[in-house]
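Peer 1: Prediction below, plus the sequence it came from.
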Amino acid sequence: MQKVFVLNGPNLGRLGTRQPEVYGATTHASLAEHLVETGRGMGLDVEVRQTDHEGEMIGWLHEAADAGASVVLNAGAWTHYSYAVADAAALVPAYVEVHISNVHAREEFRHHSVLSAKAAGIIVGCGVGGYDLALAHLAASGNPGEAG
Ligand code: DQA
């Protein structure tokens with residue numbers, strides 16, 4: 001099965017209680033469970049992780065790069081300024097950038113992403129359903145990190 005990491009950055013572990021009017025009522029635990037299940041139905045071996053620590057996220061991106069695994073990446077606020085996360089993301093075979101909220105309808109600082117230029121795709125403002133769309137895209141496009 002094609003391995004896909006879903007990597008969530010800072011504050012996304014608070015899903016369900018963090019600004020539910022912006023991010024919805026789904027908790028990170030139930031999102032993770034749902035994505036593993038949905039991924040299985042698409043032939044993907046999905047692993048979901050969340051961290052509030054930038055170095056840990058960079059380590060996970062290196063792990064995905066070494067495993068030749070694609071990534072669904074919601075880097076939270078790092079999206080807007082972390083060149084370190086962007087450099088690490090550039091090492092994986094392919095990543096889809098996801099934002100639960102419509103960042104373009106929000107504060108100006110959320111309009112720019114340092115991740116978008118090298119993303120295989122960008123899904124914004126579709127709620128937590130955006131992760132399903134990202135998995136569907138990776139399932140349809142195969143894993144550029146795997147030979148054959
Ligand atoms: C977010 C949008 C970011 O601006 C914010 O810092 C987040 C979540 C989203 O999923 O909509 O933490 O990436």
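Peer 2: Looks like it arrived, so ask away.
Peer 1: which residues sit against the helix-or-strand element of the chain with minimal mean pLDDT?
Peer 2: Within the chain, no helix or strand scores below helix 20-23, which has a mean of 92 by mean pLDDT, DSSP states H and E. In this structure, residues lying in contact with helix 20-23 by Cβ atoms under 8 Å, 6 or more residues apart in numbering are 15, 100-101, 128. Any C-beta I mention is one placed from the backbone N, CA and C, and that applies to glycine too.
Peer 1: Out of those, the closest to G41 would be?
Peer 2: Closest approach between the contacts of helix 20-23 and G41, by Cβ to Cβ: V128, at 16.7 Å.
Peer 1: Find the nearest non-adjacent residue to that closest one, please.
Peer 2: T26 (5.0 Å; Cβ to Cβ, 6 or more residues apart in numbering).
Peer 1: Check A88 too.
Peer 2: L61 (3.8 Å).
Peer 1: next one: V85
Peer 2: For V85, the spatially nearest residue (Cβ to Cβ, 6+ apart) is W78, at 4.7 Å.
Peer 1: Could I get the contacting residues of F109?
Peer 2: Per Cβ under 8 Å, 6+ apart, neighbours of F109: H80.
Peer 1: before we move on, the earlier item: now whichever helix or strand comes after the least confident helix or strand of the chain - C-alpha only, CSV.
Peer 2: Under the assignment DSSP states H and E, the closest C-terminal helix or strand after helix 20-23 is helix 28-41. Taking Å, rounded to 0.1, in the frame of the first residue of the first chain, the C-alpha atoms of helix 28-41 are listed here in CSV:
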residue,chain,number,x,y,z
HIS,A,28,-8.0,15.8,15.8
ALA,A,29,-8.4,12.3,17.2
SER,A,30,-11.6,11.7,15.2
LEU,A,31,-10.1,13.4,12.1
ALA,A,32,-7.1,11.0,12.3
GLU,A,33,-9.4,8.0,12.7
HIS,A,34,-11.5,9.1,9.7
LEU,A,35,-8.4,9.7,7.5
VAL,A,36,-6.9,6.3,8.2
GLU,A,37,-10.2,4.6,7.3
THR,A,38,-10.8,6.8,4.2
GLY,A,39,-7.2,6.3,3.1
ARG,A,40,-7.5,2.5,3.4
GLY,A,41,-10.5,2.6,1.1
